[in-house]
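Participant: curious how this folds, go ahead:
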Amino acid sequence: MFLGMVGGSHGHIVGWGTFIVPLPPGQMFAKLTPRGVTSKSDAAALPGAKALEFFVLPGANEAIYAFSRTAVHRNLFRIPLR
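Facilitator: Below you'll find the model as predicted:
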């Protein structure tokens with residue numbers, strides 16, 4: 001099971017995170033406490049949970065997933081490159 005978490009308050013996103021939680025055969029969801037998962041520490045406490053520090057899109061199994069990585073390179077001095 002892939003569990004995406006976002007942190008923040010008052011509408012401001014602080015950071016993304018995803019937890020990959022292994023499930024026993026035939027089970028669709030992890031067994032949660034009655035209050036559910038309300039924080040990253042709750043998700044990390046799930047049996048076998050693996051934390052990733054970015055948002056992922058799930059694949060066919062826990063070893064296959066996709067994520068986005070961006071990089072910016074700028075000409076800070078505005079030197080013409082002719």
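Participant: okay, and the residue sitting nearest the centre point of the chain sits in which element?
Facilitator: Taking C-alpha atoms, centre = their mean, the centroid of the chain lies closest to Thr18, which sits 2.2 Å from it. In this assignment (DSSP states H and E), Thr18 forms part of strand 12-20.
Participant: so which elements touch the following helix or strand past that strand?
Facilitator: Next helix or strand after strand 12-20 toward the C-terminus (DSSP H and E): helix 40-44. Here helix 40-44 touches strand 2-9, strand 12-20, strand 50-52, going by 3 or more C-beta pairs under 8 Å, 6 or more residues apart in numbering; DSSP states H and E. Just so you know, the C-beta spots here come from the backbone N, C-alpha and C atoms, and that holds for glycine as well.
Participant: go again using 7 Å as the cut-off
Facilitator: Judged by 3 or more C-beta pairs under 7 Å, 6 or more residues apart in numbering; DSSP states H and E, the packing partners of helix 40-44 are strand 2-9, strand 12-20.
Participant: show me what contacts Ile20?
Facilitator: 2, 50, 52, 62 (C-beta atoms under 7 Å, 6 or more residues apart in numbering).
Participant: gap between the spatially closest residue to the second one that is not a sequence neighbour and Ala44?
Facilitator: When you say that, I think you mean Lys50. Of all residues not flanking Lys50 in the chain, Ile20 sits nearest, at 4.5 Å (C-beta to C-beta, 6 or more residues apart in numbering). From Ile20 across to Ala44, the span is 11 Å (C-beta to C-beta, to the nearest Å).
Participant: same thing with Leu76?
Facilitator: Counting by C-beta to C-beta, the gap from Leu76 to Ala44 is 40 Å.
Participant: same deal with Leu23?
Facilitator: 17 Å.
Participant: what of Phe77?
Facilitator: From Phe77 to Ala44 the distance is 45 Å (C-beta to C-beta).
Participant: neighbour count winner among the two?
Facilitator: Each of Phe77 and Ala44 has its neighbours counted (other C-beta atoms under 10 Å); Ala44 has more, 15 against 5.
Participant: could you tell me how many residues sit around the nearest residue to Gly17 once chain neighbours are set aside?
Facilitator: Nearest residue to Gly17, sequence neighbours excluded (C-beta to C-beta, 6+ apart): Met5, at 4.6 Å. Each residue near Met5 was counted by other C-beta under 10 Å, and the total is 18.
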